[in-house]
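Asker: Quick one, what's the 3D model for this:
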Amino acid sequence: MYNKPNHVTNHTAPEEKHFRTISLLALLLGLWIIVRLFMLQIIGYNYYTLFAQSAHEIYQQLHPERGQIYFTDLRTGNEYPAAINKQFYRVFAVPKAIPASEVVTTANKLGNFLSYTATDTAALIDKLSRVNDSYRALAKKIPEEVVTQIKDANLSSIYFTPEEYRYYPEDALAGPILGFASYNDSGFLEGKYGLEGYWDKKLAGQAGFVLGEKGMGGSWIATADKTAKNAENGPDLFLTIDRALENKACERLRQGMIDYQAKSASLVLMDPNNGAILAMCSLPDFDPNLFSKADLGSFNNTGIYAPYEPGSVFKAITMAIGLDLDLISPNTTFTDPCELIINGFKVHNALNVCYGLQTMTQVLENSINTGAVWVEKKIGQENFAKYVKNFGFGAKTGITLNAELSGDISSLDRKGEIFGANGSFGQGFTATPLQLASAYAVLANGGKLFKPYIVSEVRYSDGHKDKTNPQIVNQVISPRASKLITGMLISVVEKHYRAAQIQHYYVAGKTGTAQISEKGAYSADKTNHTFAGFAPATNPRFVMVVKYEEPQRQWAEQTALPVFKDVMQFALDYAGVPGDKQ
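Answerer: Reported below is the predicted structural model:
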């Protein structure tokens, strides 16, 4: 009889258990692969995209784009490129691949495209004739349109490689403001002078990098630290400089420099109500695109870099101090002593003229040195020096341009009445044209000293913007004193400077014809000429300083004054400023 077993042994159980184990492992492996791919392709995308594979410790800097610079239209707010990044090309040849019969033809055609002289073309023929040479650089910084012409000519074994350079679309316009940027030994664009120099670190941006470890066999060490960072482009600068005003001001200043045979010239045009620089000219200037061919002396901006003794334009500052202290009024009188002996030094008026009884307004109108000294004595030398410092003299304005100098007013702190006396009419200390413009803005705007600025906005690559807010440094004189000195300066123009008058506008201003100090004595025939003023005088919109170094004319009325008028009239018309004179 067949007996049925009490139980049945399941021979498939171990196989099923083994299968499930394998399936679980496969599932875990799949999940690990998915997670790993996610980490590699999503989380670690930047790292593995940028990771260089050529060294044991990998560190590759990634070049950011240099920030660009723009002019701003005063009226419309439109922006115009002043300094940008532009692609040019390097031209090179493989001489050994050029048939001997084509060398001369190739050189002549290439020389024609590159505007070469006969001598340059001869040198080019020599380079292309070197039959064993596999590479020969021929030209750099060639614009794309020229490269296109060369390509169309199908010249044998002539090649091109792109290179990015700093480019200045307006050529020499605002060269001393902008400065320039060129490649340094490390292969980075580096700013020099002007805005390019002052803002170099910001404009350069932040370089990116990748960093990791490789084993001896060349494979990545999975457990090693890995870092990747993208480059951050430099921010763009937007200037207060108006392209049209800059062009007009600098060209008129240049014409005057030629006509008057001056050594150098400066012009500063400012908004007295906020300190914004609308135009700033420095001559001789240079084209930043051709900086290597420029004279080194043209790189520095004379508006901030060349302090000088301002002369009689400073008498308006002395009068404003006296008015603020209520020591004088426009009608206060004094009798001209014709000559003063102070600490053994003689002080007299220009051409030794003696004026007799004069009001303070007439002191400015006739530019009487002894009258300015009379006011300074009332003020007191210590108080006078304090006010001069409050006007911003003797200290840098803080404008964001490279190489600003502070000038020197240390003589005003020295013992001896002669130092304050000389200072009252602008001798014995130095100031920059920008400092003078800022000081005249104080006279114009109700007594406030603004920090001058030339960058209105900084825009970062992430969309963030930093706008410049006008900054009041000091309330130097009272609004009352500001109005009184304005009226006195209007009278100066109305009665003595007819060439500065502008139809429909009151103009306030003063000239300065200052002897130049040489080896401890003043030159008998070398002078600096300045005109400083503002308009419309009763509601000022523009303040301007024009300065010429050693012009071949006797008085500033013949040089700086007519330039001031022409530029100021253009500015008023350009900005559509309503007249304040019936």
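Asker: what's the neighbour count on Leu28?
Answerer: Neighbours of Leu28 under the rule other C-beta atoms under 10 Å: 10. Any C-beta I mention is one placed from the backbone N, CA and C, and that applies to glycine too.
Asker: any idea how far it is from Ala118?
Answerer: 79 Å (C-beta to C-beta, to the nearest Å).
Asker: what do you get for Gly392?
Answerer: For Gly392, the distance to Ala118 equals 57 Å [C-beta to C-beta].
Asker: and if you look at Ser411?
Answerer: In terms of C-beta to C-beta, Ser411 sits 59 Å off from Ala118.
Asker: cool, Asp236 as well?
Answerer: Taking C-beta to C-beta, one finds Asp236 at 44 Å from Ala118.
Asker: same thing with Glu232?
Answerer: Distance from Glu232 to Ala118, counting by C-beta to C-beta: 49 Å.
Asker: Give me the more crowded residue out of these two.
Answerer: Neighbours per residue, other C-beta under 10 Å: of Glu232 and Ala118, the larger number sits with Glu232, 16 against 8.
Asker: That one is in contact with Leu203, isn't it?
Answerer: No - under the criterion of C-beta atoms under 8 Å, Glu232 makes no contact with Leu203, lying 12.0 Å away.
Asker: where do the contact lists of these two overlap?
Answerer: Counting by C-beta atoms under 8 Å, 6 or more residues apart in numbering, Glu232 and Leu203 have no shared contacts at all.
Asker: okay, now the domains of the chain?
Answerer: Domain segmentation of the chain under automatic domain parsing yields 69-217+233-239, 243-285+308-458+466-575.
Asker: Tell me which of those sits most buried.
Answerer: Stretch with highest mean neighbour count among those: domain 243-285+308-458+466-575 (a mean of 20; mean count of other C-beta atoms under 10 Å).
Asker: Helices of the stretch 401-550 of the chain, residue ranges please.
Answerer: Ranges of helices in the stretch 401-550 of the chain, per DSSP state H, counting those that start in this stretch, are 417-424, 433-444, 479-496.
Asker: Need the ones you listed in CSV (columns: mean pLDDT and distance to Ala306).
Answerer: Output for these, formatted as CSV (pLDDT from 0 to 100; distance: least, C-beta to C-beta, whole Å):
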stretch, mean pLDDT, distance to Ala306
helix 417-424, 95, 19
helix 433-444, 98, 8
helix 479-496, 97, 25
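Asker: Low-confidence stretches in the stretch 101-250 of the chain?
Answerer: For the stretch 101-250 of the chain, applying pLDDT under 70 flags the ranges 209-228.
Asker: Show me where it has its helices.
Answerer: Counting by DSSP H, counting those that start in this stretch, the helices of the stretch 101-250 of the chain are 103-113, 118-128, 144-152, 175-178, 194-198, 200-204, 243-260.
Asker: and of these, who's closest to Phe291?
Answerer: Taking C-beta to C-beta, helix 175-178 is the member of the helices of the stretch 101-250 of the chain nearest to Phe291, at 8.3 Å.
Asker: Which neighbouring elements make contact with that closest one?
Answerer: Counting contacts by 3 or more C-beta pairs under 8 Å, 6 or more residues apart in numbering; DSSP states H and E, helix 175-178 is packed against helix 194-198, strand 277-283.
Asker: Is it possible to get a markdown table of the ones you listed that adds distance to Asn422?
Answerer: A markdown table is the format used below for the helices and strands packed on helix 175-178 (distance: least, C-beta to C-beta, whole Å):
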| stretch | distance to Asn422 |
| --- | --- |
| helix 194-198 | 34 |
| strand 277-283 | 27 |
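Asker: Tell me which of these sits nearest to Ser264.
Answerer: It's strand 277-283; of the helices and strands packed on helix 175-178, that one is closest to Ser264 (C-beta to C-beta) at 6.0 Å.
Asker: who's in contact with that closest one?
Answerer: Contacts of strand 277-283 (C-beta under 8 Å, 6+ apart): 74, 174, 176-177, 240-242, 245-246, 248-250, 253-254, 257, 264-271, 298, 300-303, 399, 434, 452-454, 542, 567, 571.
Asker: Please work out the average pLDDT along it.
Answerer: The average pLDDT within strand 277-283 is 98.
Asker: and the next helix-or-strand element following that strand, what other elements does it pack with?
Answerer: The element immediately downstream of strand 277-283 (helix or strand, assigned by DSSP states H and E) is helix 302-305. In this structure, helix 302-305 packs against strand 264-270, strand 277-283, helix 433-444, with contacts taken as 3+ C-beta pairs under 8 Å, 6+ apart.
Asker: Quickly run through the sheet partners of the second one, with directions.
Answerer: So that's strand 277-283. Neighbouring strands of strand 277-283 in its sheet, by DSSP bridges, are strand 264-270 (antiparallel).
Asker: just the angle between the partner strand and helix 243-260, please?
Answerer: Going by axes from the mean of the first three to the mean of the last three C-alpha atoms, to 10 degrees, strand 264-270 is angled at 150 degrees with respect to helix 243-260.
Asker: export strand 264-270 as PDB, just CAs?
Answerer: Output of strand 264-270 as PDB, limited to C-alpha atoms (Å, rounded to 0.1, in the frame of the first residue of the first chain):
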ATOM      1  CA  SER A 264      47.100 122.800 -20.700                       C
ATOM      2  CA  ALA A 265      43.400 123.400 -20.000                       C
ATOM      3  CA  SER A 266      40.700 122.200 -17.700                       C
ATOM      4  CA  LEU A 267      36.900 122.500 -17.600                       C
ATOM      5  CA  VAL A 268      34.500 121.300 -15.000                       C
ATOM      6  CA  LEU A 269      30.700 121.600 -15.500                       C
ATOM      7  CA  MET A 270      28.600 120.600 -12.500                       C
END
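Asker: Name the residues that touch that strand?
Answerer: Strand 264-270 is contacted by residues 245, 249-250, 253-254, 256-257, 276-284, 302-303, 306, 433-434, 436-438, 441, 452, 542-549, 563, 567, 571 when judged by C-beta under 8 Å, 6+ apart.
Asker: Please apply the same query to stretch 567-579.
Answerer: Residues from elsewhere that reach stretch 567-579, judged by C-beta under 8 Å, 6+ apart: 74-75, 244-245, 248-249, 252-253, 267, 269, 278-279, 502-505, 507, 533, 535-536, 541-542, 544, 546.
Asker: for that stretch, the distance to its chain's centre please.
Answerer: 24 Å (C-alpha atoms, centre = their mean, to the nearest Å).
Asker: same question for it, mean pLDDT?
Answerer: Stretch 567-579 comes out at a mean pLDDT of 97.
Asker: what's near enough to touch Phe564?
Answerer: Applying C-beta under 8 Å, 6+ apart, the residues near Phe564 are Ala500, Gly509, Phe531, Gly533, Met544, Val546.
Asker: just checking, the second one touches Glu494?
Answerer: No - because the distance of 10.6 Å does not satisfy C-beta under 8 Å, Gly509 is recorded as not touching Glu494.
Asker: Quickly find the element holding Lys565.
Answerer: Per DSSP H and E: helix 560-575 holds Lys565.
Asker: what about that helix, distance to the chain center?
Answerer: Between the centre of helix 560-575 and the centre of its chain there are 23 Å (C-alpha atoms, centre = their mean).
Asker: same question, stretch 25-33
Answerer: Remark: stretch 25-33 is offset 61 Å from the chain centroid, using C-alpha atoms, centre = their mean.
Asker: Restrict that stretch to CA atoms and write it as CSV.
Answerer: Output of stretch 25-33 as CSV, limited to C-alpha atoms (Å, rounded to 0.1, in the frame of the first residue of the first chain):
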residue,chain,number,x,y,z
LEU,A,25,19.9,44.3,-4.6
ALA,A,26,19.1,45.2,-8.2
LEU,A,27,16.4,47.7,-7.1
LEU,A,28,18.9,49.3,-4.6
LEU,A,29,21.5,49.5,-7.2
GLY,A,30,19.1,51.1,-9.6
LEU,A,31,18.0,53.6,-7.0
TRP,A,32,21.7,54.3,-6.2
ILE,A,33,22.4,54.9,-9.9
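Asker: Sweet, I'm off.
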